[in-house]
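**Q** I would like the atomic coordinates for the input below:
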Amino acid sequence: MMNFLKKALSLGSLGLLFGALMATTAFAEYPEVSFSGYADVQAELYSYAPDTSNSDDELSSSDIYVFEAAFAPHVDLSKWVSMDAVFYYIEPSSRGDGGGSALAIDEWYVTVTSDVGIYVKGGLSYPPVGDFTTWGVGYTRVQDLIWTQQSELALGYDHDFVSIQVAAFNGGFDNTEDDGSFDTSSDQIDGFAASLAVMPLANMDDMDLTIGGYFLSDATETLAGLGGNLNLVDPNGLEEEEDVDGDDVVVYESDVPLYGGYLAGEFTFSDAFALGVAGEFATTGEFDEAEYTDAAGEATAISAYHAELVGMFDEKNVQVGVKFAGISGLDWLGSMAYDPTFEPTTFTQFGGYVGIDYIPGIHLALQHLAGSDDESTTENITTLQGKVSF
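**A** Have a look, this model is predicted:
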């Protein structure tokens, strides 16, 4: 509790700083201060059923929680220089997703732009890895797997028809030896990410399409647990990888890249109807068998995909969509915790949603997703969402 209060007081002080900046510059051309944010509250019904006699037929839970909330000040310091910050809060559901409740600085970076579209960005932010387009509730499975946050320096170019960005950072998971000690020789700016996107319909007012791809030099530099799974424990439980106290230690050393591609489009045919499509696939390279194998004991890559089709009606105020998604190379549902003979290596999920936007700034949605792995363990999630944005 004390740590949480300290964080809250610290962030409150930063908020006062931004408020003072806005007040003292109210009559100046620069700086110009603006704010945005949102709060996403969800009610969830969850069920999980391993196909084994060693557990209950079904594990279920229900909860109401803050899926996430953010407050984002933006300051234009001059025509070419701006600063952004995002204060972020997340509260896990009763089934434990998201770790502990936390209030933190999620992003803080400075951007220097030019009249020709070239820009430089430095600070804590999200490297250009992934697209994650969805009209539904929550994250896509690709975002679950590859979302990446770093203190980085990025160089980019934005144009109506093309966007390019490259970023460099000092990764967090390549600074260890097999015995768990710190590897000073790897404490370098040796992580890289890059993206390329083209917008072939940029000159059309009622049609929008983006096709892109991205690259990350080390797949463990993600927020979704790949780094923790592959670096902090021995995935194969090998005795020779235990230290003198019998604890599992780091076995992952090689940089295995991650790369992916996507398309996202929104096509407006009239005030009564529009169509949205999204598709994304991301995969790591294949891991060395000595460093990572899947539940079946095979050297493999880890991948995820997402496909979505949505119809939008009455000036896009009503959305009705379907999703299909999956993850390969991991025991995504944790089936082996209930039966060690299981060898789950793939997870698939499908479902649909309805969204409503008739009240300005308020989005209401209902979504149901059903998933299963290749050991017949099933998962069902029904979510009611209320999201307020400004």
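**Q** in space, what's closest to T283 - neighbours in sequence excluded?
**A** Once flanking residues are discounted, T283 sits nearest to S303: 3.6 Å by Cβ to Cβ, 6 or more residues apart in numbering. Yep, even glycine has a C-beta here, placed from its N, CA and C like the rest.
**Q** next, count neighbours for that neighbour.
**A** S303 is flanked by 20 other residues according to other Cβ atoms under 10 Å.
**Q** quick one: it and F71, what's the gap?
**A** 35 Å (Cβ to Cβ, to the nearest Å).
**Q** so, low pLDDT: which residues of the stretch 251-390 of the chain?
**A** 251-253 (pLDDT under 70).
**Q** hey, where'd the strands end up in the stretch 151-300 of the chain?
**A** Assigned by DSSP state E, counting those that start in this stretch, the stretch 151-300 of the chain shows strands spanning 162-169, 191-198, 207-216, 258-268, 273-284.
**Q** can I get those in a markdown table including mean neighbour count and distance to I90?
**A** Shown next, in a markdown table, are the strands of the stretch 151-300 of the chain (neighbours: other Cβ atoms under 10 Å; distance: least, Cβ to Cβ, whole Å):
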| stretch | mean neighbour count | distance to I90 |
| --- | --- | --- |
| strand 162-169 | 19 | 23 |
| strand 191-198 | 20 | 23 |
| strand 207-216 | 19 | 23 |
| strand 258-268 | 19 | 24 |
| strand 273-284 | 20 | 23 |
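**Q** I359: which of those strands is closest?
**A** Evaluated over the strands of the stretch 151-300 of the chain, closeness to I359 peaks at strand 273-284, with 19.5 Å, by Cβ to Cβ.
**Q** can you list the strands that that closest one pairs with?
**A** strand 258-268 (antiparallel), strand 303-313 (antiparallel) (DSSP bridges).
**Q** tabulate the ones you listed (CSV), appending distance to Y38.
**A** Listed next are these as CSV, based on distance: least, Cβ to Cβ, whole Å:
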stretch, distance to Y38
strand 258-268, 20
strand 303-313, 20
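**Q** now for those, which one comes closest to T140?
**A** Using Cβ to Cβ, the strands paired with strand 273-284 put strand 303-313 closest to T140, at 4.2 Å.
**Q** show residues contacting that closest one.
**A** With contacts defined as Cβ atoms under 8 Å, 6 or more residues apart in numbering, strand 303-313 is touched by 133-136, 140-142, 144-146, 266, 272-284, 318-329.
**Q** partner residues bridging G123?
**A** Y109, E152.
**Q** so who does it touch?
**A** By Cβ under 8 Å, 6+ apart, the neighbours of G123 are E107, W108, Y109, V110, S151, E152.
**Q** now whichever strand or helix holds A370: buried residues?
**A** For A370, the host element (DSSP states H and E) is strand 362-373. Under the neighbour-count criterion of 16 or more other Cβ atoms under 10 Å, strand 362-373 has H363, A365, Q367, H368, L369, G371, S372, D373 buried.
**Q** closest one of these to I381?
**A** Of all the buried residues of strand 362-373, L369 has the smallest distance to I381: 4.9 Å, by Cβ to Cβ.
**Q** measure that closest one to V81 for me?
**A** Computed with Cβ to Cβ, the distance linking L369 and V81 is 43 Å.
**Q** G321 too?
**A** G321 is 39 Å from V81, by Cβ to Cβ.
**Q** tell me which of these two has more neighbours.
**A** G321 (22 against 14).
**Q** what pairs with the helix or strand hosting that one, parallel or antiparallel?
**A** For G321, the host element (DSSP H and E) is strand 318-328. Paired neighbours of strand 318-328 in the sheet (DSSP bridges): strand 303-313 (antiparallel), strand 346-356 (antiparallel).
**Q** just name the most buried of the ones you listed.
**A** strand 303-313 (a mean of 20; mean count of other Cβ atoms under 10 Å).
**Q** ok now that strand, how far from the chain's centre?
**A** Computed by Cα atoms, centre = their mean, to the nearest Å, the chain-centroid distance of strand 303-313 equals 16 Å.
**Q** same question, stretch 345-360
**A** For stretch 345-360, the distance to the chain centre is 16 Å (Cα atoms, centre = their mean).
**Q** the nearest residue to Y358 once chain neighbours are set aside: neighbour count?
**A** In space, and not counting its chain neighbours, Y358 is closest to N317: 5.3 Å by Cβ to Cβ, 6+ apart. The tally of other residues near N317 (other Cβ under 10 Å) stands at 12.
**Q** separation between N317 and V388?
**A** 16 Å.
**Q** do G351 as well
**A** Using Cβ to Cβ, we find G351 at a distance of 24 Å from V388.
**Q** would you agree G261 is in contact with T210?
**A** No: G261 lies out of contact with T210 (Cβ atoms under 8 Å); the separation is 11.2 Å.
**Q** still on that earlier bit, right, so of the strands paired with strand 318-328, which gets closest to I64?
**A** Nearest to I64, of all those, is strand 346-356, at 18.4 Å by Cβ to Cβ.
**Q** quick one: contacts of that closest one?
**A** 135-137, 141, 317-328, 330, 332-333, 363-374, 379.
**Q** again, only this time at 7 Å
**A** Outside strand 346-356, the residues within contact range by Cβ atoms under 7 Å, 6 or more residues apart in numbering are 135-137, 141, 317-328, 332-333, 363-374.
**Q** distance to A168 for the buried residues of strand 362-373 - can I get that in TSV?
**A** Shown next, in TSV, are those (distance: Cβ to Cβ, whole Å):
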residue	distance to A168
H363	36
A365	38
Q367	37
H368	42
L369	36
G371	36
S372	40
D373	37
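**Q** give me the distance between the residue lying closest to D160 once chain neighbours are set aside and I211.
**A** Using Cβ to Cβ, 6+ apart and skipping the chain neighbours, the partner closest in space to D160 is A202 (4.2 Å). Taking Cβ to Cβ as the measure, A202 and I211 are separated by 12 Å.
**Q** re earlier: residues contacting the strand holding G321, please?
**A** The contact list for strand 318-328 (Cβ under 7 Å, 6+ apart) reads 135-136, 140-141, 145, 302-312, 345-356, 369.
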